[in-house]
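J.: below are the sequence and a predicted model; questions follow.
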Amino acid sequence: MDLSKLPKLSETPKPPAPQPPPAAEPPPPEPASAGLEAWLSIAIGAFLLLRYPRFLEWLSHRVFGTHFNPFVDAAGNVVPYSQVPEFWGDLGPVLFGIVLILEGLVMAFIRKPALVAVVLVLTAIATLYNLIYLIMSYGRYGLAPVSFLAVAFGFYICMYQWKYLRLRSPEHSAPMT
C-alpha cells in the first residue's frame with residue numbers, strides 16, 4: 001500500500017525560528033517617593049546651612065576676605081576659629097547640609113550613575129565624619145543631636161544610593177547565562 005496517496009489529515013507545524021536573546025531590560029521604574037525625598041533632602045540641607053552659618057562665613061572670610069567675627073578668649077586674645085571646639089561642631093552639619101543638597105539635586109534632576117556614585121562617596125565621607133565627631137565629643141560635650149541625625153540619615157541615604165547604583169549596573173540588568 002502506497003501511503004503517499006492517502007489524504008493528509010493534519011499538517012505538523014514547523015518548529016519556530018530561533019529567537020535572538022532579549023535586549024537588556026530597561027531600568028526599573030523609580031519609586032514614587034524619589035522626587036519627594038529629593039526635595040526634602042534639598043530643604044533639610046538648606047536648613048542646616050542656614051542654621052549653622054558660622055563655618056561658611058569663616059570659609060567666605062578665608063577665600064574672599066569678607067567680615068568674620070573673631071573668637072576672643074577670657075583674656076581678650078583672638079583665637080583662630082579653626083582652633084576652637086565650635087569649628088569641629090559646625091563642620092559636621094555643614095558637610096551634611098551640602099551633601100543633602102547635592103544628593104537632592106542629583107536624584108531629582110540628573111540621575112546619572114556616575115554622579116550618584118560621586119554623591120554616594122561624599123555622603124559616606126560626611127556620615128563618617130559625623131560619626132567620628134559624635135563618638136569623640138560625647139564624653140566631653142554630650143550628645144550632638146545634629147551629628148546623630150546626620151549619621152542615621154546618612155546611613156539610609158548611602159544604602160538608597162547604593163541600591164540605586166546596583167539596579168542600574170550593567171551586570172544587574174544583563175540576562176543571566
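T.: Okay, I see it.

J.: tell me the contacts of Phe71?
T.: Val78, Val79, Pro80, Tyr81, Val84, Glu86 (C-beta atoms under 8 Å, 6 or more residues apart in numbering). Yep, even glycine has a C-beta here, placed from its N, CA and C like the rest.

J.: over to the closest residue to it other than its chain neighbours: give its phi and psi.
T.: Leaving aside its chain neighbours, Phe71 sits nearest to Val79 (4.5 Å; criterion: C-beta to C-beta, 6 or more residues apart in numbering). Val79 adopts backbone torsions of phi -110, psi 130, taken as degrees, to the nearest 10.

J.: give me the contacts around stretch 132-141.
T.: The contact list for stretch 132-141, computed with C-beta under 8 Å, 6+ apart, reads Pro85, Trp88, Gly89, Leu91, Gly92, Leu143, Ala144, Ser147, Phe148, Val151.

J.: out of those residues, which comes closest to His67?
T.: For those, the residue nearest His67 by C-beta to C-beta is Leu91; the value is 20.5 Å.

J.: wait, the closest one sits on Arg54?
T.: No. The pair Leu91 / Arg54 is not scored as a contact, 10.0 Å apart, by C-beta atoms under 8 Å.

J.: can you check which helix is longest in this protein?
T.: Longest helix in the chain, counting residues (DSSP state H): helix 113-141.

J.: how about the most centrally placed residue in the chain: what's its closest non-neighbour residue?
T.: The centroid of the chain falls nearest to Leu120 when counting by C-alpha atoms, centre = their mean (4.4 Å). In this structure, Leu120 finds its nearest non-sequential neighbour in Gln161, 4.2 Å apart by C-beta to C-beta, 6+ apart.

J.: that neighbour and Ala75: what is the separation?
T.: Going from Gln161 to Ala75 by C-beta to C-beta, to the nearest Å gives 48 Å.

J.: re earlier: among the contacts of Phe71, which lie within helices?
T.: Among those, the members falling in helices (DSSP H) are Glu86.

J.: and the contacts of Phe71, which are buried?
T.: Neighbour counting over the contacts of Phe71 (16 or more other C-beta atoms under 10 Å) leaves Tyr81 as the buried ones.
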